[in-house]
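1. Any chance you could fold what I've pasted below:
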Amino acid sequence: MTYKVFIDGREGTTGLQLEQRLSGRDDITLLQIEADLRKDTLRREQLINEAEVVFLCLPDEAALEAVALCHSPRTILIDASTAHRVSKDWTYGLPELSPNHRQAIARSKRIANPGCYATGANCILYPLTTLNILPLDYPVTIHAVSGYSGGGKKLIAAYESANRPPGYLYPCQYALGLAHKHLPEMQNISGLLRPPIFNPLVCDFYAGMEVSIPLYADLLKGKPGKKAVLEVLTEYYAGQRFVTVAEQAEEGRISAGEHIGDNYLTLYVCGNDRQMTLVSVLDNLGKGASGAAVQNMNIALGLDESVSLD
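-> Numbering: from 1, shown residues only. Next up, the predicted model:
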């Protein structure tokens with residue numbers, strides 16, 4: 001069977017990545033909107049309702065408007081914006097979190113694609129809160145670094161400009177008001193009683209991401225050491241194709257670029273029996289964006305979830 005797919009907002013970073021991942025598939029027909037009509041409401045409405053799958057690669061407000069244009073009961077909407085990630089009417093598209101998440105994606109017509117930072121954080125937090133290892137009132141702090149492609153076209157242009165300001169040569173901490181747009185889904189999905197303190201940095205490399213969460217063992221239920229936490233997470237993600245767990249030795253190093261170009265996430269357990277740092281490594285454009293969106297589409301269509309992703 002051939003499925004009609006429309007990417008609303010294909011000119012952006014995620015949209016272009018989606019087009020690249022899907023353009024070679026013989027089971028997908030990409031519906032193209034004429035360049036002069038890409039903001040035309042009637043033409044977009046026509047394509048949205050013609051497609052079996054629509055990816056919304058739009059700002060939040062535009063994504064809400066696009067949803068209102070969809071009248072077809074068979075059309076699957078996969079929203080890459082933040083507009084629906086904590087909505088009870090939308091399915092959170094991170095299938096590795098639990099069998100229930102995967103089953104919900106398989107039968108859903110409204111799928112919210114997770115944020116890149118939130119994917120890294122929730123892959124750490126969700127198992128620990130679900131298994132009652134991490135108390136819901138734990139004061140979680142999250143540190144993260146990302147390639148500048150996560151900032152979209154304007155930030156990419158700034159970093160790649162021949163006349164870029166000197167500040168763009170160094171890692172830049174931002175969201176200093178502690179109100180980053182991924183925080184609501186971090187808290188909502190993990191079940192934490194308070195939003196984490198989140199310290200993101202954008203760095204002078206195009207793609208790649210690390211999300212790190214430090215933990216005190218004696219504040220966890222049962223006071224598990226490093227080996228015990230490693231075993232719990234390894235068992236939790238056993239059998240998952242795109243999420244794996246590994247131990248990192250004290251003298252080891254972790255690269256944010258480990259998964260550039262793929263849809264994989266590696267969760268590293270570092271530290272000792274008193275203090276640990278759990279680190280998710282992923283591609284902010286892959287498992288953090290377009291790769292996850294394709295995986296969600298594959299699941300929702302009943303296909304092998306790895307098509308276009310291996």
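
2. Local confidence estimate at the closest residue to Glu96 other than its chain neighbours?
-> Of all residues not flanking Glu96 in the chain, Val243 sits nearest, at 4.5 Å (Cβ to Cβ, 6 or more residues apart in numbering). Every C-beta, even on glycine, is put in place using the N, C-alpha and C of the backbone. Among the per-residue scores, Val243 holds a pLDDT of 98.

3. repeat for Arg110
-> pLDDT at Arg110 comes out at 98.

4. do Ile105 as well
-> On the pLDDT scale, Ile105 gets 98.

5. how many other residues sit next to it?
-> 23 (other Cβ atoms under 10 Å).

6. Please pull out the lowest mean pLDDT helix or strand from this structure.
-> Every helix and strand of the chain was ranked by mean pLDDT, DSSP states H and E. The lowest is helix 152-160, at a mean of 87.

7. Flag every buried residue along that one.
-> Within helix 152-160, the residues that count as buried by 16 or more other Cβ atoms under 10 Å are 156, 159.

8. again, but for stretch 183-193
-> Those would be 183-190, 192, for stretch 183-193 by 16+ other Cβ under 10 Å.

9. now, which of these sits nearest Glu34?
-> Proximity of these to Glu34 (Cβ to Cβ) peaks at Glu185, which lies at 34.6 Å.

10. looking at it, Cys270 is touching Ala246, isn't it?
-> No: Cys270 is beyond contact range of Ala246, at 9.9 Å (criterion: Cβ atoms under 8 Å).

11. Pick out whichever of these two has more residues nearby.
-> Cys270 (20 against 16).

12. what's the more buried one sitting at in phi/psi?
-> Phi and psi for Cys270, reported as degrees, to the nearest 10, are phi -120, psi 160.

13. Asp218 versus that one, what's the distance?
-> Distance of Cys270 to Asp218, computed by Cβ to Cβ, to the nearest Å: 17 Å.

14. Could you chop this protein up by domain?
-> Domain ranges of the chain: 3-113+288-300, 116-284, per automatic domain parsing.

15. I'd like the buried residues of stretch 183-193 laid out as CSV, including distance to Ala104.
-> Formatted as CSV, the buried residues of stretch 183-193 follow (distance: Cβ to Cβ, whole Å):
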residue, distance to Ala104
Leu183, 23
Pro184, 19
Glu185, 15
Met186, 19
Gln187, 20
Asn188, 15
Ile189, 13
Ser190, 17
Leu192, 21
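
16. Redo the residues you listed as TSV? Include distance to Ala80, pLDDT and secondary structure.
-> As requested, the buried residues of stretch 183-193 are exported to TSV (distance: Cβ to Cβ, whole Å; pLDDT from 0 to 100; DSSP: H, G, I helix; E, B strand; the rest coil):
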residue	distance to Ala80	pLDDT	secondary structure
Leu183	18	97	helix
Pro184	16	97	helix
Glu185	13	98	helix
Met186	17	98	helix
Gln187	20	98	helix
Asn188	18	97	helix
Ile189	17	98	helix
Ser190	21	98	helix
Leu192	24	98	coil
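
17. and the residue nearest to Glu96, how many neighbours?
-> The burial count for Val243: 23, using other Cβ under 10 Å.

18. show me what contacts it?
-> Neighbouring residues of Val243 by Cβ atoms under 8 Å, 6 or more residues apart in numbering: 96, 123, 237, 264-267.

19. among those, which ones are buried?
-> Here, 16+ other Cβ under 10 Å leaves 96, 123, 237, 264-267 buried among these.
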